[in-house]
Structure formats: structure tokens, C-alpha cells
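A.B. asks: With the sequence up front, the predicted model follows.
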Amino acid sequence: MPGTLYVVATPIGNLEDVTLRALRVLREVALIAAEDTRRTARLLQHYSISTRTTSLHEHNERSKTPSIVARLLAGDSVALVSDAGTPLISDPGNHLVAQAHQAGINVEPIPGPNAAVAALSASGLSQGEFVFVGFPPHRSTDRKRWLERLATETRALVFYEAPHRIRPTLEDMLQAFGDRVIALGRELTKAHESLVVRPISWHLASPLEERGEFTVVVDRGHVTQAQPELRPSPNELARQLGQLTEDLALTRREAIRTLAKRHGLSNKEVFNLLEEAKK
């Protein structure tokens with residue numbers, strides 16, 4: 001009988017975030033396929049787990065997959081882990097999982113930490129729907145086109161960015177999205193974590209500590225005037241104004257400008273609707 005391929009989420013920073021089930025699985029499997037065996041070793045040593053590991057990363061996944069699938073078919077269970085967080089979410093492992101399914105092997109998720117969901121949950125920007133879009137393209141021209149395509153998305157966006165590219169990415173975002181509110185998370189769950197929710201221009205005007213991977217949550221895009229049925233009511237607009245000024249500490253002028261971009265209205269239209277809400 002074939003073994004099981006477990007897709008195991010591991011901590012994104014704080015080692016206490018691992019689940020009891022994940023620890024049990026890591027102890028019981030015959031092999032752990034890790035994106036970086038050195039990173040995984042720190043977790044295993046912390047919890048006194050002695051299971052053998054093997055590397056499985058973007059450069060060797062296709063060559064290593066046949067031998068891992070063979071072990072699974074022979075009855076061994078294997079745990080797949082990434083450097084941190086949930087495997088396959090902008091991490092290697094897709095080919096192995098796909099081949100396991102094709103071979104009739106049971107693939108079982110062991111849910112847990114994920115940087116995108118962690119940032120989204122603490123940002124207050126999802127409003128029920130979001131789109132995860134991975135990493136932006138590295139090249140400036142490709143990144144600008146990528147952002148322009150996303151500018152009309154009306155759901156919150158979540159993506160990752162490397163520290164040495166965060167400033168040029170924010171500059172391109174300002175051009176593509178306007179001065180939209182974003183949550184900028186860095187080193188989430190680690191000792192020096194930060195999650196700051198402010199307009200893009202505020203982040204660019206502030207010192208950016210370009211260390212540690214960034215998680216970016218972008219407030220939902222504006223609704224164009226071609227969709228009048230989605231125009232916010234005065235009371236709803238007043239509620240959103242309160243959220244921006246009280247929860248995010250924006251000035252009234254900054255909040256009005258943000259609401260205008262969010263809903264495809266002019267600043268004057270937002271002001272008039274807010275005045276109507278007072279009545």
C-alpha cells in the first residue's frame with residue numbers, strides 16, 4: 001500500500017507557531033523533503049525530531065521527484081516542507097504533488113502558517129475577498145505591465161517582494177494604482193516584525209528597512225463610474241472615512257482622497273456625500 005505525501009506548513013518565523021499535528025507528522029514520516037535542509041534542521045532540532053531530510057528545491061525538483069514517488073509507492077510516507085510557511089504558495093513542490101496525484105498516491109495537507117494570510121488578517125483590507133498574486137516580475141518593464149494589469153482588480157491584492165526590490169516596486173505601484181492604502185508587512189512573527197497600514201506615498205517617504213521578505217496587501221481597487229450600482233451610500237462612505245481616520249490615523253483630507261480613488265469618485269463628490277451623511 002502506498003504511503004502518504006504530507007504537505008506540511010511550518011513557521012514563517014516564530015517556531016511556536018507550528019501545529020501539534022505538523023510535529024507529529026514530521027516525527028512519523030520516513031523522509032522530509034525540504035526546500036532548504038539547513039533551515040528545516042533548525043525547526044527539527046528545536047523539537048528534537050531526528051527524521052532524515054533530503055533537499056527538494058526549484059533546481060532539483062524534477063530530478064528528485066521520481067525517487068521520492070518511488071518511495072511513496074513502496075509504502076514510505078514523506079513530508080514536504082518549504083523554507084517557511086505553506087508549501088507550493090510561491091514555493092517549490094508543485095511537480096512532486098502533481099506526480100504523486102498522477103501515481104494514485106494520497107496527498108494530505110497539514111495546514112498552518114502562511115505569510116499572505118497572516119498579513120491579510122491583520123490588515124483590515126480584505127472586505128471578504130482577495131487575490132494572491134505571488135511575486136512581481138523582477139524586470140522593471142515587466143513589473144510595470146504586471147501592476148497595470150492588476151490596477152483594475154476590485155478585490156484586495158496580496159503579494160510578496162524581496163527587500164532589495166521593495167522600493168522600486170512601491171514606486172511603480174504609486175504610478176499604476178495611485179496613492180492607494182497598503183499594508184506593508186516585514187519579518188512577520190519574528191522578533192522585529194512590522195505591519196504598517198498607510199498610503200503608498202507614506203511608505204515611500206518613510207525609511208524602508210530593506211531586510212527580510214515583505215508581504216504587501218493592497219486595498220481593493222476603485223469601482224469605475226460605469227458601475228453606478230456599486231456607488232457607496234453616504235452612510236457607508238462615512239463608515240469607511242471613520243475606519244481610515246481612526247484605525248489608520250489618516251487625516252481627513254488623506255482619507256477623502258483615498259476614498260475618491262477607491263470608488264472612482266472626485267474628491268468633491270466624496271465630500272458632498274459625507275456632508276449628506278451628517279444630515
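C.D. replies: That came through fine.
A.B. asks: Okay, domains of the chain per the record?
C.D. replies: Following automatic domain parsing, one finds the domains of the chain at 4-113, 116-218, 228-278.
A.B. asks: Comparing these by mean pLDDT, which bottoms out?
C.D. replies: Sorting the domains of the chain by mean pLDDT places domain 228-278 lowest, at a mean of 83.
A.B. asks: how far out from the middle of the chain is that one?
C.D. replies: Distance, stretch centre to chain centre, for domain 228-278: 27 Å (CA atoms, centre = their mean, to the nearest Å).
A.B. asks: Then stretch 165-182?
C.D. replies: 16 Å.
A.B. asks: Export the domains of the chain to a markdown table and append columns for mean neighbour count.
C.D. replies: C-beta here means a position set from N, CA and C on the backbone, and glycine is covered the same way. Converted to a markdown table, those look like this (neighbours: other CB atoms under 10 Å):
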| stretch | mean neighbour count |
| --- | --- |
| domain 4-113 | 17 |
| domain 116-218 | 17 |
| domain 228-278 | 16 |
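A.B. asks: ok now do the closest residue to His101 other than its chain neighbours, which residues does it touch?
C.D. replies: Excluding its sequence neighbours, the residue lying closest to His101 (CB to CB, 6 or more residues apart in numbering) is Val107, at 6.1 Å. Val107 makes contact with 4-7, 97, 100-101, according to CB atoms under 8 Å, 6 or more residues apart in numbering.
A.B. asks: ok, now with 7 Å
C.D. replies: 5, 7, 97, 100-101 (CB atoms under 7 Å, 6 or more residues apart in numbering).
A.B. asks: Ile89 versus that one, what's the distance?
C.D. replies: Per CB to CB, to the nearest Å, Val107 is found 15 Å from Ile89.
A.B. asks: now, the most widely separated pair of the contacts of Val107?
C.D. replies: Spatial extent of the contacts of Val107 (CB to CB) is set by the pair Val7 and His101 at 11.5 Å.
A.B. asks: Given the helix or strand encompassing Tyr6, what are its sheet partners and their directions?
C.D. replies: Taking DSSP states H and E as the definition, one finds Tyr6 inside strand 4-8. Here strand 4-8 is paired, per DSSP bridges, with strand 78-81 (parallel), strand 106-110 (parallel).
A.B. asks: Which is the succeeding secondary structure element to it?
C.D. replies: Assigned by DSSP H and E, the successor of strand 4-8 is helix 20-28.
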